[in-house]
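Enquirer: when you get a sec, could you give me coordinates for this:
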Amino acid sequence: MTTVLHTKRLINSSTINHFKEVTIPVPWGKISGKWWGPTNEKPILCIHGFRDNCGSFDKLIPFLSQDRDISFLAIDLPGHGFSSPFPKGMIYNFMNYIILVQQIYEYFSFSKLSLLGHSLGSMISFISTILYPEKVDFLMCIDALHPLQSTVSKETVRNSIDNYMKYNKFTKEPPSYTWEEILDKMNIAYKHSLGKDSTLCLLERNIAVSKEFHGKYYFNSDPMLKVRTMFNWTQEQMIKDAATIANPIFICEAKQNYARKYRKNFYEIVNIVQKHNKDCEFHTISGTHHLHLNEPEKIGILLKKFLNKHNKSETYNLKDFSIFSSPVPSILSAQVVKHKL
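Expert: Just a heads-up that it's a prediction; the model follows:
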């Protein structure tokens, strides 16, 4: 039987980059994403940052695939992009993301995981490797490494509970905005970390057309993501556990990132990994937090060298082609034409 795999063109790219829409079943619904490259080769699992989506890798993956066929599976985390939110009443605990990686590993029966993460996705990849080193080939971490330690106080805990009570009551459509307002809010929220094309890559899966107000859009991420959760892995414990990572690891930081106050802890962990891991690469690259999306070639050149050394092509027998579906119609096309983007 011949299976037809649907592909889609990225409307904001100067080249035609093909991927396949993916839907992975999970107990609470689905995990959506994009499968780039051959389906008969084990993919690199790509995990995006907080409030982003799998469009975060729309520019980097084609660059990495220029010279050789490499498969990538870029997912939308729960409550992000087109993936299902957690059931009403649940909060987004960091460990749920670690469990998700294990669920994907078991669903596809991968021999091992190859991981590429940005920001929160880097933290998920790093902790997944600490906990399950035998299941990981290698990992690549862009502008983050370990989870940020939270200051726990009665004020922060109370604030989290208050936010939970607030956002758990949401039943109506979220606030909607004009196209211009959407762009302004993205720029402010991301602290001007995104270029124009990069913003479009994320908006493709980050907004929906308002059903109540003509010509307006709303952000479709789960409001419960705004509830702050505490991750109690101390810096001392993190240093101890980071020393155990022997898997090949690529780490980079963006020179102009907006999380400078966390750099001291970050460098401590990097130094420990470098000291104990002979296959650790660390690079500081000029650019913002979303450098992989704004200027993929800067980091891409270094990642290509790392992949040439550590990524061994592995034949993969995909058993369920029903995970692929027709492309989701773009809601940005009209705006791209109207504003000549």
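Enquirer: what ranges does the stretch 151-300 of the chain have for its strands?
Expert: Ranges of strands within the stretch 151-300 of the chain are 207-209, 217-219, 249-254, 280-285, based on DSSP state E, counting those that start in this stretch.
Enquirer: quick one, which of those strands is packed in tightest?
Expert: Mean neighbour count (mean count of other C-beta atoms under 10 Å) peaks for strand 249-254 among the strands of the stretch 151-300 of the chain, with a mean of 24. The way it works is simple: take the backbone N, C-alpha and C, and place the C-beta from them, glycine included.
Enquirer: rewinding a little: export the strands of the stretch 151-300 of the chain to a markdown table and tack on mean pLDDT?
Expert: Shown next, in a markdown table, are those (pLDDT from 0 to 100):
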| stretch | mean pLDDT |
| --- | --- |
| strand 207-209 | 95 |
| strand 217-219 | 96 |
| strand 249-254 | 97 |
| strand 280-285 | 98 |
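Enquirer: could I get those as JSON lines with distance to Thr234?
Expert: Compiled in JSON lines, the strands of the stretch 151-300 of the chain are given as follows (distance: least, C-beta to C-beta, whole Å):
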{"stretch": "strand 207-209", "distance to Thr234": "38"}
{"stretch": "strand 217-219", "distance to Thr234": "34"}
{"stretch": "strand 249-254", "distance to Thr234": "21"}
{"stretch": "strand 280-285", "distance to Thr234": "22"}
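Enquirer: out of these, flag the one nearest Lys312.
Expert: Of all the strands of the stretch 151-300 of the chain, strand 249-254 sits nearest to Lys312, with 15.6 Å by C-beta to C-beta.
Enquirer: rewinding a little: so which of the strands of the stretch 151-300 of the chain is nearest Pro78?
Expert: With C-beta to C-beta as the measure, strand 217-219 is the member of the strands of the stretch 151-300 of the chain nearest Pro78 (15.7 Å).
Enquirer: just confirm Ile31 is within a strand.
Expert: Yes. Read with DSSP: H, G, I helix; E, B strand; the rest coil, Ile31 is one of the residues of a strand.
Enquirer: hmm, it is touching Pro78, no?
Expert: Yes. The criterion here is C-beta atoms under 8 Å, and Ile31 meets it with Pro78 at 7.1 Å.
Enquirer: give the residues shared as contacts by these two.
Expert: Common neighbours of Ile31 and Pro78, using C-beta atoms under 8 Å, 6 or more residues apart in numbering, are 84, 100.
Enquirer: torsion angles phi and psi at the residue nearest to Leu318 when sequence neighbours are not counted?
Expert: Closest residue to Leu318 apart from its sequence neighbours, by C-beta to C-beta, 6 or more residues apart in numbering: Thr39 at 5.2 Å. Main-chain torsions, Thr39, degrees, to the nearest 10: phi -90, psi 0.
Enquirer: number of nearby residues for Thr39?
Expert: When neighbours are defined as other C-beta atoms under 10 Å, Thr39 has 17 of them.
Enquirer: distance of it relative to Glu106?
Expert: Per C-beta to C-beta, to the nearest Å, Thr39 is found 19 Å from Glu106.
Enquirer: same check on Asn271?
Expert: 34 Å.
Enquirer: ok, Thr244 next?
Expert: 23 Å.
Enquirer: the more surrounded of those two?
Expert: Using other C-beta under 10 Å, the more surrounded residue of Thr244 and Glu106 is Thr244, with 14 against 10.
Enquirer: tell me the pLDDT at Thr156?
Expert: Model confidence at Thr156, given as pLDDT, is 84.
Enquirer: pull up the gap between the residue nearest to the spatial centre of the chain and His283, please.
Expert: The chain has His48 as the residue nearest its centroid, 0.8 Å off, counting by C-alpha atoms, centre = their mean. Using C-beta to C-beta, His48 is found at 20 Å from His283.
Enquirer: can I get stretch 300-318 in CSV, CA atoms only?
Expert: Provided in CSV are the C-alpha atoms of stretch 300-318 (Å, rounded to 0.1, in the frame of the first residue of the first chain):
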residue,chain,number,x,y,z
GLY,A,300,24.2,26.0,12.4
ILE,A,301,27.8,25.9,11.2
LEU,A,302,28.9,24.7,14.6
LEU,A,303,26.0,22.3,15.0
LYS,A,304,26.8,20.7,11.6
LYS,A,305,30.4,19.9,12.8
PHE,A,306,29.0,18.4,16.0
LEU,A,307,26.4,16.3,14.1
ASN,A,308,29.0,15.1,11.6
LYS,A,309,31.0,13.8,14.5
HIS,A,310,28.2,12.3,16.7
ASN,A,311,25.1,11.7,14.6
LYS,A,312,25.3,8.3,13.1
SER,A,313,22.5,7.6,10.5
GLU,A,314,20.2,4.9,11.8
THR,A,315,17.5,3.1,9.8
TYR,A,316,14.1,3.4,11.5
ASN,A,317,11.0,1.3,10.8
LEU,A,318,8.1,3.7,11.4
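Enquirer: mean confidence for it?
Expert: So the average pLDDT for stretch 300-318 ends up being 95.
Enquirer: quick one: contacts of that stretch?
Expert: 39-44, 60, 63-64, 67, 70-71, 108, 110-111, 114, 137-138, 140, 248, 250, 252, 279, 281, 283, 285, 292.
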